[in-house]
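J.: Got a predicted model here, sequence first, then my questions.
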Amino acid sequence: MRKKRAGGGTEYTHGLGSCAARREGSTPSLPTMKIIFRDKDFIVVDKPAGFSVHPGINTDEPTLVDFLLRKFPEIKNVGDAPEIRPGIVHRLDKETSGVMIVARNKKTFDYLKNLFKNRKVEKRYLALVHGKLKNKEGKIEGEMGRSKRDFRKQALVRGKVSVRKERYSLTCYKVKKEFGDYSLLEVSPKTGRMHQIRVHLQAIGHPIVGDKKYTFKKYKKFPVPRMFLHASELGFIDQNRKPQRFKSDPPDIFQKFLNRKNTLL
């Protein structure tokens, strides 16, 4: 179903995807996606939190790929592994919302993939974290990889923490506002490692609010509606040498939580 959305863009209600269809008798909630931009080469979507980008071993519910294939079937043969992630150049974690770009043809896929690989895409996120940061602006860097203590997690090498297949990682951050025991950060990852922002912020003692995987025991008891990490901006130079920049405002639930905390303090 298609409908216009206030503030620009077109909003679609996702149909039941092939992955979800495998689960007999299930009626999973279907995502609503905003199309921020589209042309003959790429699509920019505003991904909601709670939906995986593509099918996986433990994914039997609708994904972003299901939505894309229904609306843009031409992407089905685009990408390195189109049978799993057609058109997908980069990814966001399931619980992360915000801007994502998807290629509509091989030429664009290869071009965008090269931009990401060579760190020529500017990415900005909003992250609500626990605590107040001593340094209001700074960078987090070091070798990252799969944790030797827990293979299900990524980790930043520090102290006694060691990893497998380590690779350099760099994240810059700036405090935008403080809410008592919370801080709202603007975060710019300069490399693209798996779970990078989440791992880096936990490593400096300020995990993302609502992150159940990369946090500390004392924060797990606080009930929150979601993980508060949002991809707010994406900028790059397209194939025609034209600067492109796409933005996404935080979802209502993100804003309501911030407003509620601001009111209580």
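T.: Cool, got the structure. In this text, all values refer to a predicted model and were calculated from it rather than measured experimentally.
J.: Please verify my assumption that R226 contacts D211.
T.: No. Using CB atoms under 8 Å, R226 makes no contact with D211, being 9.8 Å away. For the C-beta atoms, the positions are set from N, CA and C on the backbone; glycine is no exception.
J.: who's more crowded, the two?
T.: When R226 and D211 are compared for neighbours, D211 comes out ahead with 27 against 19, by other CB atoms under 10 Å.
J.: tell me the SS of the more buried one?
T.: Secondary structure, DSSP: H, G, I helix; E, B strand; the rest coil: D211 is coil.
J.: and for R226 and D211, which residues touch both?
T.: Common neighbours of R226 and D211, counting by CB atoms under 8 Å, 6 or more residues apart in numbering, are E95.
J.: For R124, give me its contacts.
T.: Counting by CB under 8 Å, 6+ apart, the residues that R124 touches are 186-188, 231-234.
J.: if you set the cut-off to 7 Å instead, what comes out?
T.: By CB atoms under 7 Å, 6 or more residues apart in numbering, the contact set of R124 is 186, 188, 232-233.
J.: sec struct for it, please.
T.: Once three-state DSSP is applied, R124 turns out strand.
J.: same thing with M227?
T.: coil.
J.: And it, how close does it get to Y219?
T.: Distance of M227 to Y219, given as CB to CB, to the nearest Å: 12 Å.
J.: The two: which has the busier surroundings?
T.: M227 (25 against 17).
J.: which secondary structure element contains the residue nearest to L64 when sequence neighbours are not counted?
T.: Nearest residue to L64, sequence neighbours excluded (CB to CB, 6 or more residues apart in numbering): V53, at 4.8 Å. Following DSSP states H and E, there is no helix or strand that holds V53.
J.: before we move on, what about K132?
T.: Going by DSSP H and E, K132 is not part of any helix or strand.
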